[in-house]
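> Sequence first, then the predicted structure:
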Amino acid sequence: MEALPVELLRLIYSYCDPPSTKVLREVNSTLANVGYEYLLSPSFTCLSYRNDIDRLHNIALHHQLRGSIETVVINLSDLDDYDARHAAYGRHFLQLPEDRSDVLSAAFVEFEKIKLGRKSLAQFHTRRDDLREALSSLPNLKHVEVTFTQCPLDNQILREVYEVPGCRRMNRSAAYQNLEAIIFALHSVRLSSFSIDRFPLEIFKIPDQRRHWFLHAQSFASLSRLNLTIDPSGLQGPAAAVKAVNGLGYLLQLPKNLQQLKLAFHPYNSWDSKFVLNFREMLNGFRYNQLTDLALEGISCEEEDLRDFLVLHAATLTRLRLGGRGLAKPFSASTGGVHLHEGTFKSPVHRAAGQDVKAGTDTSGRHIRMRAPGFSSHESYNFYPLTDESWEPLPRPGWVRASRKTISCQPFEEYILVGGVYPGTLLAQQDD
């Protein structure tokens, strides 16, 4: 095998699992050198209770390993111990007491290890210089994800608990500092995609934090995909909201070549409420010239404002998702709908699709999807999704109930694609 071309050796490695890769590298020096790039997964997960910054730093300074990392996931999620234990008990209430006790005890022993690990390490934000050196030394790093909501352990009980929004805990002061450290570390990195799940919006009303983000968010300029799930529950009063949204608008205008944008609002202080948003004021007419995919969730806006924003991007927009699961519990109806506090949905979807309203025909040939609940004073629909976040077909979810009047969004998709009678009119007549 030592005499085989490097290309064939790499092909062999591409079919090996991690244990096989390690064994194959021990055969001879040639296989050992070729196998370096297959030792590591292209995705590196950094957990706050492990010394992962040092591990990432060592990889980044290793000339044969650093090229392997393409994605860095930074998991800063935490649980409220009291709520988590009660939620876990409720999910397993029907089990035999002795079985339930064994299962839950084993799960929370793992959780205690997380807490001990956090106490033994320096806080995440104090390592920002090491993190910056590590991230800037990864030549193939293109994707960074930050989450405060995903379970950090491969444990079924804890994964179930993390699905309940009320069990998630965020120390907002620590979150500011950790996010500040992350954006500082990304200052010189050219990313293709960036996402934050549970970004505290009030960070943009704090002068020092605001200046810090504006100074170091230059990596946003190269983005083609941006996914922001925002928590506005820390805002106090309309003035703070206006200033924070203004800062968010500045950030959103940095990636001028953005192709995929998801903007979701998850208010943890009121799970089913919607965040009032005005695209005109936030973006001041700014346009993404290459935007193809747009997802909006958990917002309340005006028909005219939403319509103008969609029409502005109609030349390139190919897929549109309105709404989402929001902060719904696993078996509850969705809460992340789009609410129009003025107008109806008929005009925005017509104009976004580029249709000739009178002829009722699709003149654009574009495929636009609507998902999850949308509400207004005139129309109210509780859709269930047909596709997942990657636009792949999705079976009917378990939370769909006839009593919730959940319906397929297929009639609206057909209306956008081929025209005809607006389905909202027919649905309204059925409810009368």
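Yep, that arrived. Model, not experiment: these values are computed from the prediction.

> Quick one: mean pLDDT for stretch 82-101?
Averaging pLDDT along stretch 82-101 yields 87.

> next one: stretch 233-247
Here the average pLDDT along stretch 233-247 is 93.

> Just give me the neighbour total for the closest residue to residue 127 other than its chain neighbours.
Nearest non-adjacent residue to residue 127, counting by CB to CB, 6 or more residues apart in numbering: residue 53, 4.7 Å away. The way it works is simple: take the backbone N, C-alpha and C, and place the C-beta from them, glycine included. Neighbour count for residue 53, taken as other CB atoms under 10 Å: 23.

> Same question for the one 3 residues further on.
Neighbourhood size, residue 56 [other CB under 10 Å]: 24.

> OK, contacts around it?
Residues in contact with residue 56, defined by CB atoms under 8 Å, 6 or more residues apart in numbering, are 44, 46, 69, 72, 131, 134-135.

> can you confirm the residue nearest to residue 127 is in a helix?
Yes: checked against DSSP: H, G, I helix; E, B strand; the rest coil, residue 53 lies within a helix.

> how close does it get to residue 71?
16 Å (CB to CB, to the nearest Å).

> Paired strands for the helix or strand residue 146 falls within, with orientation please.
According to DSSP states H and E, residue 146 maps onto strand 143-147. In the sheet, strand 143-147 lines up against strand 71-75 (parallel), strand 193-200 (parallel) (DSSP bridges).

> So what touches the longest one?
Applying CB under 8 Å, 6+ apart, the contact partners of strand 193-200 are 142-150, 168, 170, 172, 175-176, 179, 186, 219-220, 223-231, 234, 260, 262, 266, 268.

> List buried residues within these.
142-150, 168, 170, 175-176, 179, 186, 219-220, 223-231, 234, 260, 262, 266, 268 (16 or more other CB atoms under 10 Å).

> what about residue 386, how many residues close to it?
17.

> Check residue 78 too.
23.

> Correct me if wrong: it contacts residue 172.
No: the pair residue 78 / residue 172 is not scored as a contact, 11.7 Å apart, by CB atoms under 8 Å.

> which residues sit in contact with residue 382?
When contacts are counted by CB under 8 Å, 6+ apart, residue 382 touches 333-334, 373, 404-407.

> and if you look at residue 334?
Counting by CB under 8 Å, 6+ apart, residue 334 touches 323-326, 328, 372-373, 382-384, 399.

> swap in residue 15?
With CB under 8 Å, 6+ apart, residue 15 has no contacts at all.

> before we move on, back to that, sort out for me which of the contacts of residue 56 are in helices.
Among those, the ones falling in helices (DSSP state H) are 131, 134-135.

> could you measure residue 148 against residue 392, distance?
26 Å.

> again with residue 384
In this view, residue 384 and residue 392 are 15 Å apart by CB to CB.

> In terms of neighbours, single out the busier of those two.
Neighbour totals were compared for residue 384 and residue 392, and residue 384 leads with 20 against 7 (other CB under 10 Å).

> Hmm, the more buried one is touching residue 404, no?
No: in this structure, residue 384 is not within contact of residue 404 by CB under 8 Å, at 9.1 Å.

> Please list the residues outside the longest helix seen in the chain that contact it.
Identified as the longest helix of the chain according to DSSP H is helix 97-120. Helix 97-120 is contacted by residues 48-50, 79, 81, 84-85, 88-89, 92-93, 95, 152-153, 155-158 when judged by CB under 8 Å, 6+ apart.
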